[in-house]
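A.B. asks: What follows is a predicted protein model with its sequence.
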Amino acid sequence: MKQKISYICVFIGLVIAGIWSCERDDICADITQTTPQLIIRFYDANEPDELKAARRLTVSALDENNIALDSFVYNFDTDSLVIPLRIEGEGVPTISRFILEKDTDFRLDSLPNTMSNIDTITVTYRSQFIYVSRACGYKSIYNNVIVTREVDDDIWILERDIINTTIDNETEAHVIFRH
């Protein structure tokens, strides 16, 4: 009889331990913040506090050889831009370059005095990996963010302000461009 009670106690103990050690399903919830993207807002250069859409904007990433990859924004009017950044290794200085082309596909015969205008921006940063959960794995945040615009004969991005040098969320703008 004592042996039967011992087996029952051991069995109940194992069941309780098994239930106690269970975790939720290994599915990363949609609301879980993962690796953020760079958020750029466009403002009017003449009215610095007023948002101003960049007309017919096309954005393409450049690879290491300065060759344009597929556009991830194409011919779109927008006052906000969300750009994914490359991840090298933790703490490794990384550079991502992008072509921002305003007035895409305009021709001289369609609108007088309006032509496509390309500016190239360079984003430098260092990634830091942060553990989120077993289901979500790691996310990267970006530290020491610097955004520069290459100067050419016909710039359309007149000014830039870096609002946050650390990109750790997607709730607010990190950079402001005035045009």
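C.D. replies: Perfect, I can see it now.
A.B. asks: Please make it C-alpha for all contacts and neighbour counts, starting now.
C.D. replies: Will do.
A.B. asks: What lies in contact with the host helix or strand of residue 130?
C.D. replies: Element membership for residue 130 (DSSP states H and E) is strand 117-133. The contact list for strand 117-133 (C-alpha atoms under 8 Å, 6 or more residues apart in numbering) reads 34, 87-104, 137-152, 154-157.
A.B. asks: Show me those that map onto strands.
C.D. replies: 93-102, 137-149 (DSSP state E).
A.B. asks: Just the buried ones among those, please.
C.D. replies: Buried members of those, counted by 16 or more other C-alpha atoms under 10 Å: 94-102, 139-143, 145-147, 149.
A.B. asks: give me phi/psi at the residue sitting nearest the centre point of the chain?
C.D. replies: By C-alpha atoms, centre = their mean, the chain has its centre lying nearest to residue 37, at 1.0 Å. The phi and psi values for residue 37, taken as degrees, to the nearest 10, are phi -110, psi 160.
A.B. asks: Could you list the low-confidence segments of this structure?
C.D. replies: Along the chain, the model assigns pLDDT under 70 to residues 1-26, 105-114.
A.B. asks: at 80 instead, please
C.D. replies: 1-26, 105-115 (pLDDT under 80).
A.B. asks: Okay, and the beta partners of the nearest residue to residue 96 once chain neighbours are set aside?
C.D. replies: Leaving aside its chain neighbours, residue 96 sits nearest to residue 123 (5.2 Å; criterion: C-alpha to C-alpha, 6 or more residues apart in numbering). For residue 123, the beta-bridge partners are residue 96, residue 147 (DSSP bridges).
A.B. asks: and residue 123, how many neighbours does it have?
C.D. replies: 17 (other C-alpha atoms under 10 Å).
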